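Peer 1: sharing a model prediction with you, sequence too.
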Amino acid sequence: MIRGNVTATTTPPQLAPAAALETLRASGPQPTPVPRRQARRVPIAGAMMSFASSLVFLLVVRVLLPPYEGLWHALMTWDASWYRDIAIHGYSWHPTSARGQNPAFFPLYPLFERFAHALTRLSITGIAIGSSILFQAVAAGLLALIALGEGATDRQALAWVTLFLVSPPAVFDIMGYYSALFCVLCFLALLFAQRRRLWLVALAIGLASGMNPLGIAFAAGFVLWSVIELVAKRQVSFRSTGVLVGQAFLSITGLFGYALYLLVRFGNPLVFYQALKGWSLPLPVSTLLTRIVTFEPVRSSFTQWAAVPYGRNTSFLIDAVTALVVATLVVALAAAKGGCRTLGLWLVVFAFLVVQVQSARWGSEASATRFLLPVSFGVAAIAPVRRRLTRPAVFTVTIIVLLAGTAVFLQHLVTGQWID
Amino acid sequence: MPREGPGARRVPRARYLVAAGLGVWVVASLVPLAWTLPPALRSGTAVRRLHNQIGTLLGSGWLGEITSSAATEAKGPAAWEWSSGPNSTITIQPTWTAISLELKPITCADRKRQRIVVSSSDTRATQTLILKRGFHWYRIDLDRVHGNELRFSYRCVQAPIAIDNGLRHRQPLGVAIAGLRVQGGG
């Protein structure tokens, strides 16, 4: 479906109505061509808004932190300290240890930190926090481009970016986390898919697969989507199958490279999976599946918070609410015309599954906000969802709800309580 | 091709059926909350009550988070906090003459009873509590105590330990506290 205004310069040659319909069906959902000036102005405005929001977040954290606690120290806690340690000392693995070990953390982000440190001689802490802020600005610009490509007006695109910037996971984008860089890769994949640049989609997802298990979920979603597209277009041939296989391989190169490194270094390519035992013990497959199918982590988060409404239970509750929002998004996309032929649906479905597997092992819904909400912003930038959420009344309610979650995350950050 | 005309039967599109199926699945999976949330909310009330009771009085050597039992049918308290490490402290006021604590011990490795030696920083006077299984109230006289802190030393602690319906704790636990009553002014 073509949305928005199509300018005279981009109008395709006139076809007979039936032929035009067939052409549209064959090529699936089409992006709206964005005029060049608009394509520059709106993303730059989005990036500027991102810098402003990061500055506000930093000021809020500094003001709320106790005077004796350093700002940089507070922003380099939890996973950020693991990544810094890997960037400085590299990976280590003790097969008999029951503690959490650093191969559980994928290498692309610490590699980036190490290279940036070698290039600039800035401290790892400075690089980690500075690059997070910079990458969030890039992600905001890309999100604006995705929204424009889906037919959004300037105001709608910037309203959409505003929601992204005030959402709880944005708190991680002022910390030494990989989240912002991951958002950049996710939004690049969606943008390239919108423009039908499939090799570039595969490349972006391939890099993401070297950064986080969610990237592996993206690769699975991308491959399934490619197969659906191939079958739907009835273009199955040796050449198209070969291209698909090539793109599928490219989409897991990050994971493949990491596994190869682990094999050479520690003699076991699955060390990254085994290292997870330090955080949560593996469950029998039947228990795992039962918990996922019955949404037990979500229910458990609600009841645990009702019983003990403090500390990490509050974080788990926010994750449970996020999981339900994302499940609703999946249902909405499945019901939308052509929804099953959007890459976004399959990215979010597989990402949701990965988060549910992790949550089933934890016993509570975990990481849904940090992992799924940014992806959902990219995926839900399509017209029906975005148009509803950027209407003034709904926008006001949405921004209040998001800010409430963000306030809890910031309060947890400054008081040293764990969030995920 | 969709049928047309006034007599045509409307057939729901496949995507609507898929979405409806997914929606029903999500909603159905949340139905058990109808009977798990009310007892959890009752436990939450107990947790908040305990938090108000002991929140400012527990010093060092406590886990820092309150555990609750959503099973309110079980007799005994619905919320408690575990000690952490071989010693714990409780802050007291000079005007108090005695305090009563509702405590439950872990099962020591040697199967002998848990024992707590209660002392204060400014006096050699000590009291010893020998704990029975399960939660019970124990009274500590503060007549000869002049400091503002009581120190508890446990005969045994265990770590890691799986208690409270299989929840694993890495910290060495000794006793759980579920209530605190004060005699005297202040």
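Peer 2: Looks like it came in fine. In this text, all values refer to a predicted model and were calculated from it rather than measured experimentally.
Peer 1: got a list of contacts for stretch A:184-196?
Peer 2: Under the criterion C-beta atoms under 8 Å, 6 or more residues apart in numbering or on different chains, residues A:27, A:31, A:135, A:138-139, A:142-143, A:145-146, A:149-150, A:198, A:200-201, A:204-205, A:207-208, A:211, A:215, A:218, A:222, A:343-344, A:347, A:374-375, A:378-379, A:381 lie in contact with stretch A:184-196. All C-beta spots, glycine's among them, are computed from the backbone N, C-alpha and C.
Peer 1: which among these are in contact with chain B?
Peer 2: Residues of the contacts of stretch A:184-196 in contact with chain B (C-beta under 8 Å from any C-beta of the partner chain): none.
Peer 1: now, the residues you listed that are in helices?
Peer 2: Among the contacts of stretch A:184-196, DSSP state H puts A:27, A:135, A:138-139, A:142-143, A:145-146, A:149, A:198, A:200-201, A:204-205, A:207-208, A:215, A:218, A:222, A:343-344, A:347, A:374-375, A:378-379 in helices.
Peer 1: going through the residues you listed, which ones are buried?
Peer 2: Among the ones in helices among the contacts of stretch A:184-196, those classed as buried by 16 or more other C-beta atoms under 10 Å in any protein chain shown are A:135, A:138-139, A:142-143, A:145-146, A:149, A:198, A:200-201, A:204-205, A:207-208, A:215, A:218, A:222, A:343-344, A:347, A:374-375, A:378-379.
Peer 1: could you confirm whether the host helix or strand of residue A:330 reaches chain B?
Peer 2: In this structure, residue A:330 is located in helix A:311-335 according to DSSP states H and E. Yes: Helix A:311-335 comes into contact with chain B (C-beta under 8 Å from any C-beta), by way of A:311, A:324, A:327-328, A:330-332, A:334-335.
Peer 1: buried ones among those residues?
Peer 2: A:311, A:324, A:327, A:330-332, A:334-335.
Peer 1: which of the residues you listed sit farthest apart?
Peer 2: Of all pairs drawn from these, the one with the longest distance (C-beta to C-beta) is A:311 and A:335, at 37.7 Å.
Peer 1: just give me the longest helix of the chain.
Peer 2: This is for chain A. When chain A is parsed with DSSP H, its longest helix is helix A:36-64.
Peer 1: actually it's chain B I care about, not the one you picked
Peer 2: Per DSSP H, chain B has its longest helix at helix B:33-54.
Peer 1: what residues of that helix count as buried?
Peer 2: B:33, B:36-37, B:39-40, B:42-44, B:46-48, B:50-51, B:53-54.
Peer 1: tell me if the helix or strand following that helix is near chain A.
Peer 2: For helix B:33-54, the succeeding helix or strand toward the C-terminus, using DSSP H and E, is strand B:62-68. Yes: for strand B:62-68, a contact with chain A is found by C-beta under 8 Å from any C-beta, at B:65-68.
Peer 1: ok, those residues vs chain A, which is closest?
Peer 2: Nearest to chain A out of the residues of strand B:62-68 next to chain A is residue B:68 (C-beta to the nearest C-beta; 4.3 Å).
Peer 1: give the contact list for that closest one.
Peer 2: Contact partners of residue B:68, counting by C-beta under 8 Å, 6+ apart, are A:307-308, B:43-44, B:46-47, B:78-80.
Peer 1: if we use 6 Å, what do you get?
Peer 2: Residues near residue B:68 by C-beta atoms under 6 Å, 6 or more residues apart in numbering or on different chains: A:307-308, B:43, B:47, B:78-79.
Peer 1: dihedrals phi and psi, the closest residue in space to residue B:121 that isn't next to it in sequence?
Peer 2: Here the nearest residue to residue B:121 in space, its sequence neighbours aside, is residue B:147; by C-beta to C-beta, 6 or more residues apart in numbering or on different chains that works out to 4.7 Å. Note on residue B:147: backbone dihedrals following degrees, to the nearest 10 are phi -80, psi -170.
Peer 1: equivalent analysis for the one 4 residues further on, please.
Peer 2: Here the main-chain torsion angles of residue B:151 (degrees, to the nearest 10) amount to phi -110, psi 130.
Peer 1: count of residues packed around it?
Peer 2: For residue B:151, the count of nearby residues is 19 (other C-beta atoms under 10 Å in any protein chain shown).
Peer 1: could you give the bridge partners of it?
Peer 2: residue B:89, residue B:119 (DSSP bridges).
Peer 1: so how far is chain A from it?
Peer 2: Counting by C-beta to the nearest C-beta, to the nearest Å, the gap from residue B:151 to chain A is 26 Å.
Peer 1: likewise residue B:138?
Peer 2: Going from residue B:138 to chain A by C-beta to the nearest C-beta gives 25 Å.
Peer 1: what helix or strand is that residue on?
Peer 2: Assessed by DSSP H and E, residue B:138 sits inside strand B:136-141.
Peer 1: give the other helices and strands that that strand contacts.
Peer 2: Secondary-structure packing of strand B:136-141 (3 or more C-beta pairs under 6 Å, 6 or more residues apart in numbering or on different chains; DSSP states H and E): strand B:96-105.
Peer 1: give the buried residues for stretch B:126-134.
Peer 2: Neighbour counts over stretch B:126-134 (16+ other C-beta under 10 Å) mark B:127, B:129, B:131 as buried.
Peer 1: give me the lowest-pLDDT entry from the residues you listed.
Peer 2: Checking pLDDT across these, the minimum falls on residue B:127 at 87.
Peer 1: assumed that one was part of a helix.
Peer 2: No: secondary structure of residue B:127 (DSSP: H, G, I helix; E, B strand; the rest coil): strand, not part of a helix.
Peer 1: apart from its neighbours in sequence, what residue is nearest it?
Peer 2: residue B:118 (4.6 Å).
Peer 1: so can I have TSV of the contacts of residue B:68 showing pLDDT and distance to residue A:351?
Peer 2: Output for the contacts of residue B:68, formatted as TSV (pLDDT from 0 to 100; distance: C-beta to C-beta, whole Å):
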residue	pLDDT	distance to residue A:351
A:307	84	29
A:308	81	29
B:43	82	33
B:47	84	34
B:78	79	37
B:79	84	36
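Peer 1: how about these, which pair is most distant?
Peer 2: Using C-beta to C-beta, the contacts of residue B:68 span at most 10.7 Å, a distance reached by A:308 and B:78.
Peer 1: so in chain B, where's the weakest helix or strand by average pLDDT?
Peer 2: Every helix and strand of chain B was ranked by mean pLDDT, DSSP states H and E. The lowest is strand B:167-169, at a mean of 65.
Peer 1: next secondary structure element downstream of that one?
Peer 2: Assigned by DSSP H and E, the successor of strand B:167-169 is strand B:175-184.
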